[in-house]
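S.K.: Fold the following, please.
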Amino acid sequence: MKKMEKLAKILRGLIFATVEAGQSGHPGGSSSKVEQLLALICGAYIAFDPADPKNPGRDRFVWSAGHCTPLLFSALALIYEVMRRSGRQFSQAVTKAVFPENLVRFRHVDGPQGHAENYYPLSDATTGPSGHGLSIAGGMAITHQSCGLDTKVWVMMGDAESEEGISYEARNILAAVGAKNLIVSLDYNHFGIDGNINEVISSPYVNHWLGMGWNVIEVDGHNFVQLLEAYKLAAKGFKNNAPVLVLAHTIKGKHYGSKENSNSSHGSPVKYDEYVEIMKKLGFDVPGSEGNVMRDIEVVLNSINSDDEKFVESKIKMCAKNIKFETVLVASIKKSLNGRPILNPRNLRRPKVLPAELQFKEGEKISTRKAAQAWIKWMMENSTFVYAGAGDLSGSVLTNAAENVYGIITPKNKFGRGIRFGIAEQNMAMMSAGLTQDILPGGFQPVSIFGTYATFMTMVGNCVRLALIGNHTKPETSGFFVMLASHDGPETGEDGPTHHGTDWMSLYLAMPGIKVYKPMDANETIEMLFYALEKGEPIVISLSRPDAPVLLRNKINSAVEAINGAYVYKNYANNNKQKLALAISGSKVLENTLQILPALQSACDIKILVVTSPQLFRELKIKNPKKADSIFADDEKKRAIALHNGWSGFLNSFVSSEDRLFGVDQYLKSGKADEVYELAGLDPEGLKRKILEKIKNIFYAFRTHRAPL
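M.R.: From the prediction side, this is the model:
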């Protein structure tokens with residue numbers, strides 16, 4: 001224990017020096033978790049090899065307390081410094097190692113980052129927002145267990161995270177599915193950023209976990225004997241197959257001077273003179289030269305003797321020995337999932353000849369959500385690494401057919417592939433998107449498909465954003481997922497404005513790394529889903545509830561053209577009349593426009609452009625400008641009107657002026673779909689009135705502009 005106690009002082013010295021160097025960071029939670037992280041590693045309960053930190057057979061480690069990077073990076077600096085001293089060979093490029101000299105650039109663009117990122121050793125998820133890491137870890141735990149793997153998923157978590165609603169959602173489902181391979185080490189120091197968490201959580205804290213059905217082990221979080229025994233029990237597991245919480249009672253900002261045991265230690269450094277005093281009390285006689293933290297770090301490192309090095313080296317070797325060979329793990333997957341297609345879903349492609357269930361007859365009425373249902377089921381039947389679920393709406397967003405292929409995951413059906421999230425949209429999104437960023441032994445990378453009503457898509461935005469950041473920071477494990485934004489548009493009229501999918505798109509159009517798809521009919525839905533899978537870029541796909549006609553096609557506007565983001569549904573007649581382009585998104589808007597086409601054609605030469613994704617069309621303009629111009633050239637914007645059964649800004653790149661955008665930019669009322677469309681002015685008569693009036697303005701302005709020429 002004395003060696004571990006010495007290592008605890010060394011870690012705190014590195015933590016406090018790191019925060020001093022960055023003049024930023026989170027010393028409080030980092031310091032209170034020191035003994036927990038050391039006990040986990042020195043007890044060799046985790047399967048982890050710092051020389052091969054992303055070995056597919058490793059245990060996963062998620063920092064739900066993603067702000068505690070001074071501890072993460074200090075621990076890595078200690079480990080890799082010991083390995084460097086011992087002469088152990090490893091590739092820095094592969095390991096993404098952190099060394100003591102890197103700590104002085106903490107929270108700088110060329111140094112260790114402010115929050116946990118997924119490419120670092122001992123960090124398998126990009127985290128930061130409170131509570132979200134537990135959901136990501138839960139997705140990984142469910143995936144591993146449902147594939148017959150006995151790997152563990154460890155979570156380092158703070159107590160204030162329990163205040164976040166998503167953590168409740170995660171705690172609930174992880175107990176319900178029997179995620180016995182998930183272990184949370186929770187730092188119970190009683191303080192969040194603003195103050196004591198008892199000001200928010202008045203009931204006994206342990207009840208928030210016991211009441212959910214978790215196994216709870218309470219310990220003194222600064223007592224190595226208790227921590228070692230707790231992690232031993234947690235790793236062994238319990239017969240009830242429930243997840244485990246190690247509730248570690250700690251002191252926030254332990255040994256951090258005047259900020260110890262207070263919320264003020266959470267995210268701010270002490271003054272320099274006090275920092276020097278703190279370091280000296282820890283036993284490090286730093287020179288007290290402000291602005292030269294590297295000298296302080298060297299003092300800390302000089303306290304590490306050969307016995308300390310041997311101790312650390314022996315422990316990390318023991319952790320590495322816990323990793324099973326990948327061939328053994330792949331064999332376990334195949335044995336557990338015997339009879340299923342053991343194929344990487346990311347490698348699935350559109351069959352040259354689509355199966356009958358993915359083809360829809362022209363003129364037949366079928367909703368795009370039903371087409372998506374058929375595709376999801378096809379995916380599930382062709383790869384066992386596909387997961388599907390919904391926010392208590394599987395019968396509405398139609399993930400249910402896929403869920404039924406292998407059943408819902410429960411303790412009795414642990415190899416199921418459907419996840420029953422309940423009314424928990426945030427956890428659904430974070431867990432589903434997060435699990436796609438984990439590569440299993442054998443190179444298998446799960447795909448998830450999940451959904452809710454389009455109008456609720458704003459609720460899951462932050463979770464999706466966090467997953468996309470994870471895709472960006474570690475592109476080699478970038479995950480692919482499909483979000484189903486079902487019941488989009490005013491078609492769910494009778495439910496009223498709370499359920500009209502009209503404004504959600506703006507959020508996702510602003511996020512890098514995801515695209516919004518809006519197919520016009522069932523066949524386009526299939527083509528666009530296969531295209532997204534091939535690209536491997538996450539999407540949110542707008543789906544309609546009511547059955548709508550499958551469009552009549554020709555060689556020019558075949559359903560596959562939807563993947564260009566826009567295509568010509570009806571071209572100009574070139575009849576010497578003034579030309580007008582109508583950019584349309586939404587099947588009901590197209591249907592209503594076609595009803596008034598004769599009246600419009602009497603006024604001008606009409607071109608109908610179907611828009612399925614402005615983002616895809618923007619890509620086409622870069623990759624193949626000639627083809628893009630043949631569909632819709634930039635100069636056509638001057639003679640274009642855009643019509644959308646939702647947020648008008650969705651089509652702003654197809655017009656030269658915002659006053660030519662027609663959509664739904666205000667809250668409507670309850671009513672049958674046709675009534676609501678009429679209220680929005682998107683019924684046939686309303687469209688005719690808007691378009692004919694705008695034609696006068698466009699061509700008057702155009703003639704006025706052209707006259708001097």
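S.K.: In this structure S653 contacts K621, no?
M.R.: No. Using CB atoms under 8 Å, S653 is not in contact with K621, being 9.6 Å away. Bear in mind the C-beta positions are built from the backbone N, C-alpha and C, glycine included.
S.K.: Count the neighbours of H222 for me.
M.R.: Using other CB atoms under 10 Å, H222 has 18 other residues around it.
S.K.: any idea which element the residue positioned nearest the centre of the chain lies in?
M.R.: Closest residue to the average C-alpha location of the chain: A467 at 2.3 Å, with CA atoms, centre = their mean. Secondary structure assignment for A467, by DSSP states H and E: helix 461-473.
S.K.: What's the first helix or strand after that helix?
M.R.: By DSSP H and E, the next helix or strand past helix 461-473 is strand 481-486.
S.K.: Using CSV, write down the CA coordinates of that following strand.
M.R.: C-alpha atoms of strand 481-486 as CSV (Å, rounded to 0.1, in the frame of the first residue of the first chain):
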residue,chain,number,x,y,z
PHE,A,481,-26.0,5.3,-37.6
VAL,A,482,-29.4,6.2,-39.1
MET,A,483,-31.8,8.4,-37.2
LEU,A,484,-35.4,8.0,-38.3
ALA,A,485,-37.3,11.3,-38.1
SER,A,486,-40.7,9.9,-38.6
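S.K.: Going by contacts, tell me the helices and strands next to the helix or strand just after it.
M.R.: Later in the chain than strand 481-486, the nearest helix or strand by DSSP H and E is helix 505-509. Secondary-structure packing of helix 505-509 (3 or more CB pairs under 8 Å, 6 or more residues apart in numbering; DSSP states H and E): helix 461-473, strand 515-517.
S.K.: and of the ones you listed, who's closest to K588?
M.R.: Comparing those against K588 with CB to CB, the closest turns out to be strand 515-517 (17.4 Å).
S.K.: ok, residues contacting whichever helix or strand comes after the closest one?
M.R.: Per DSSP H and E, the first helix or strand lying C-terminal to strand 515-517 is helix 522-535. Under the criterion CB atoms under 8 Å, 6 or more residues apart in numbering, residues 345-346, 348-350, 354, 358-360, 366-368, 370-372, 374-375, 379, 447, 480, 482, 515, 517, 519, 538-539, 541, 543, 550-551, 553, 559-560, 562-563, 612-613 lie in contact with helix 522-535.
S.K.: Over to stretch 626-641?
M.R.: With CB under 8 Å, 6+ apart as the test, stretch 626-641 has contacts from 564, 566-568, 578-583, 607, 609, 617, 620-621, 654-656, 660, 662, 690-691, 694, 698, 702.
S.K.: Just the CA atoms of it, as CSV, please.
M.R.: What follows is stretch 626-641 as a C-alpha-only set of coordinates in CSV (Å, rounded to 0.1, in the frame of the first residue of the first chain):
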residue,chain,number,x,y,z
LYS,A,626,-21.4,19.6,-65.0
LYS,A,627,-24.1,17.1,-63.7
ALA,A,628,-25.2,19.5,-61.0
ASP,A,629,-25.6,22.3,-63.6
SER,A,630,-27.7,20.0,-65.8
ILE,A,631,-30.0,19.5,-62.8
PHE,A,632,-30.1,23.0,-61.5
ALA,A,633,-27.7,25.8,-62.5
ASP,A,634,-26.9,28.7,-60.2
ASP,A,635,-28.4,31.2,-62.6
GLU,A,636,-31.8,29.4,-62.3
LYS,A,637,-32.0,30.7,-58.7
LYS,A,638,-33.1,34.0,-60.1
ARG,A,639,-36.2,32.4,-61.6
ALA,A,640,-36.9,29.9,-58.8
ILE,A,641,-39.5,29.4,-56.0
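S.K.: Kindly check the end-to-end length of stretch 297-317 for me.
M.R.: Distance between the boundary residues of stretch 297-317 (CA to CA, to the nearest Å) amounts to 25 Å.
S.K.: Please tabulate the helices and strands packed on helix 505-509 in a markdown table and include mean pLDDT as additional columns.
M.R.: Formatted as a markdown table, the helices and strands packed on helix 505-509 follow (pLDDT from 0 to 100):
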| stretch | mean pLDDT |
| --- | --- |
| helix 461-473 | 96 |
| strand 515-517 | 98 |
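S.K.: in stretch 451-468, what's buried?
M.R.: 451-457, 459-468 (16 or more other CB atoms under 10 Å).
S.K.: And the residue lying closest to the residue nearest to the centre of the chain once chain neighbours are set aside, how far from L398?
M.R.: Distance criterion CB to CB, 6 or more residues apart in numbering; nearest residue to A467, sequence neighbours excluded, is A433 at 3.5 Å. According to CB to CB, to the nearest Å, A433 and L398 sit 20 Å apart.
S.K.: More neighbours: which of those two?
M.R.: A433 (29 against 26).
S.K.: And the residue nearest to G434 when sequence neighbours are not counted, what's its pLDDT?
M.R.: Leaving aside its sequence neighbours, G434 sits nearest to I136 (CB to CB, 6+ apart; 3.3 Å). In this model, I136 is scored at 97, pLDDT.
S.K.: now do Y700
M.R.: Predicted confidence (pLDDT) for Y700: 64.
S.K.: same thing with S653?
M.R.: For S653, the model assigns a pLDDT of 97.
S.K.: That one: what's it in contact with?
M.R.: Shown in contact with S653 (CB under 8 Å, 6+ apart): 614, 617-618.
S.K.: Which of these has the largest number of neighbours?
M.R.: Most crowded among the contacts of S653, counting by other CB under 10 Å, is P614 at 24 neighbours.
S.K.: if I read this right, that residue contacts G565, doesn't it?
M.R.: Yes. P614 is within contact range of G565, at 6.3 Å (criterion: CB under 8 Å).
S.K.: re earlier: looks to me like the residue nearest to A467 is in a helix.
M.R.: Yes. Assessed with DSSP: H, G, I helix; E, B strand; the rest coil, A433 lies in a helix.
S.K.: From A44, how far off is it?
M.R.: Relative to A44, and taking CB to CB, A433 is found at 32 Å.
S.K.: just S486 next, same as before
M.R.: Counting by CB to CB, the gap from S486 to A44 is 48 Å.
S.K.: more crowded one of these two?
M.R.: A direct count of neighbours by other CB under 10 Å for S486 and A44 places S486 higher, at 30 against 20.
S.K.: Leaving out the residues flanking it, which one is nearest to the more buried one?
M.R.: Using CB to CB, 6+ apart, the closest residue to S486 is V397 (4.0 Å).
S.K.: Who are the contact partners of the one you found?
M.R.: V397 is in contact with 369, 390, 451-453, 484, 486-487, 543, counting by CB under 8 Å, 6+ apart.
S.K.: quick revisit: give me every residue that touches the residue nearest to A467.
M.R.: 139, 448, 463-464, 467, 479, 481, 538.
S.K.: With distance to I183 added, can I get those in JSON lines?
M.R.: Formatted as JSON lines, these follow (distance: CB to CB, whole Å):
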{"residue": "G139", "distance to I183": "15"}
{"residue": "S448", "distance to I183": "23"}
{"residue": "C463", "distance to I183": "22"}
{"residue": "V464", "distance to I183": "27"}
{"residue": "A467", "distance to I183": "23"}
{"residue": "G479", "distance to I183": "23"}
{"residue": "F481", "distance to I183": "26"}
{"residue": "P538", "distance to I183": "29"}
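S.K.: Right, I'll leave it there.
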